[in-house]
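Asker: predicted model and sequence follow; I will ask about them next.
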Amino acid sequence: MKKILYIFFGLALLVTLHIDAQDLKKELENLIQTDIQFSDFSVKNGINKAFIEFADDSAVLLKPNLYPIIGIDAVKEFHSKIDDSQFTLSWEPLKGEVSKSADLGYSYGIWKLSADSIEQHGTYVSIWKKNPDGKWKYILDSGNEGLGTKIN
């Protein structure tokens, strides 16, 4: 009888693990799609609105030569000082991962800043948290200018 129970619980565990793997894959797809929507929103509405719209209340921005910008109020203040009408910032996620609990994840990729005939490129990483409403919001974002400048 014990053998049958062990086999039953073993099979139940395997089924659960398979479902969890599928759920994690779906959550990763949702996270990457959110990152793409974040970029699309930036192109359409400007970086200021995008970085506020997709931020968690506890969001942190790490920018060169600045102390960490911590919390949604600080993010709003930081972005209120940027005139984003003269350039466009877009990015493409290359990879991401989601935690086994499916409530934390990260994405990284390549960004492009376009202004007139100049393009700058770099890399970025975003750490994401899934809120109780099921939406992914970034909790940390940072980037660098690691790819240099191209002139069209």
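Answerer: Now that the structure is in, tell me what you want to look at. Since we're looking at a predicted model, the values are computed, not measured.
Asker: report the secondary structure state of residue 33.
Answerer: helix (DSSP: H, G, I helix; E, B strand; the rest coil).
Asker: tell me the pLDDT at it?
Answerer: In this model, residue 33 is scored at 98, pLDDT.
Asker: now name the helix or strand holding the residue nearest the centre of the chain.
Answerer: Nearest residue to the geometric centre of the chain (CA atoms, centre = their mean): residue 126, 4.3 Å. Residue 126 is part of strand 118-130, with elements assigned from DSSP states H and E.
Asker: report the angle between the following helix or strand past that strand and strand 118-130.
Answerer: Downstream of strand 118-130, the first helix or strand assigned by DSSP H and E is strand 136-144. Counting by axes from the mean of the first three to the mean of the last three CA atoms, to 10 degrees, strand 136-144 lies at 140 degrees to strand 118-130.
Asker: so what strands line up beside strand 136-144?
Answerer: strand 55-62 (parallel), strand 118-130 (antiparallel) (DSSP bridges).
Asker: got the buried residues for that strand?
Answerer: Neighbour counts over strand 136-144 (16 or more other CB atoms under 10 Å) mark 136, 137, 138, 139, 140, 141, 142, 143 as buried. Every residue, glycine included, has its C-beta placed from N, CA and C.
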